[in-house]
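In: How does the following fold in three dimensions:
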Amino acid sequence: MNTAGGIWVIGCVEVRHFRARMKLVRRPELADRVGVIIRRSGNRSVVVDHLPAASSLVFGKNLEQALSLEPDAVVLESDEPHYQDEFDQVLQRLDAVSDRVEPDELGLAYVGLAGLEAMHGGEAQLHDALIQAVSERLQPRIGVVANKFTSFVAARVRRSTGLTVVL
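Out: From the prediction side, this is the model:
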């Protein structure tokens, strides 16, 4: 994701709680409920995400630990193929903005932006294209910075949906 001139410009697109956002698209009635999304592996169930109202829960806990913290939580099964299909669609839309899209984990991708301003009609239009590539319902947070790590930090510390540019 480096330009010939040695200048890096990377966009980090982060959709926090991607699995939970996908669940809420299918089941909007759960928006105010405490809920955990679990993945079963053998006879073990692990929390892979949680609905926004269950903010005290931590990923990686087993189901029993999660329910001890949130006894009234709705238990939802993970649908990894569906989440991956949805994320692949996000990646395809990002690919229309830049041919340098690098997925990281579910809900997180990096986009090379250096030199693409002219193709999009300017820097502001490039940023708009980046924002519009990810559905607003997913509440994306985007950081545009000179390198990968700081673009991730810029996206992560953003308090709301939108784009942060750090020069």
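
In: Which parts of this structure are strands?
Out: 10-14, 35-41, 44-50, 74-77, 101-103, 108-112, 141-145, 162-165 (DSSP state E).

In: can I get these in CSV with mean pLDDT and mean neighbour count?
Out: C-beta here means a position set from N, CA and C on the backbone, and glycine is covered the same way. Listed next are the strands of the chain as CSV, based on pLDDT from 0 to 100; neighbours: other CB atoms under 10 Å:
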stretch, mean pLDDT, mean neighbour count
strand 10-14, 96, 27
strand 35-41, 91, 19
strand 44-50, 91, 20
strand 74-77, 93, 15
strand 101-103, 97, 17
strand 108-112, 96, 22
strand 141-145, 95, 23
strand 162-165, 91, 16
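
In: Adding distance to Arg27, write those out as a markdown table.
Out: Listed next are the strands of the chain as a markdown table, based on distance: least, CB to CB, whole Å:
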| stretch | distance to Arg27 |
| --- | --- |
| strand 10-14 | 23 |
| strand 35-41 | 9 |
| strand 44-50 | 14 |
| strand 74-77 | 8 |
| strand 101-103 | 26 |
| strand 108-112 | 24 |
| strand 141-145 | 23 |
| strand 162-165 | 26 |
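
In: Compare those and give me the one nearest Met119.
Out: strand 108-112 (12.4 Å; CB to CB).

In: Just the CA trace of that closest one, in CSV.
Out: Provided in CSV are the C-alpha atoms of strand 108-112 (Å, rounded to 0.1, in the frame of the first residue of the first chain):
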residue,chain,number,x,y,z
LEU,A,108,-11.8,-4.6,9.8
ALA,A,109,-10.1,-3.8,6.6
TYR,A,110,-7.4,-1.5,5.3
VAL,A,111,-7.7,0.5,2.1
GLY,A,112,-4.8,2.0,0.2
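
In: what packs against it?
Out: Here strand 108-112 touches strand 10-14, helix 80-97, strand 101-103, helix 148-157, going by 3 or more CB pairs under 8 Å, 6 or more residues apart in numbering; DSSP states H and E.

In: how many degrees apart are that strand and strand 141-145 in direction?
Out: 40 degrees (axes from the mean of the first three to the mean of the last three CA atoms, to 10 degrees).

In: Any idea which helix or strand in this structure has the lowest mean pLDDT?
Out: Here the helix or strand of the chain ranked lowest by mean pLDDT, DSSP states H and E is helix 63-69, holding a mean of 86.
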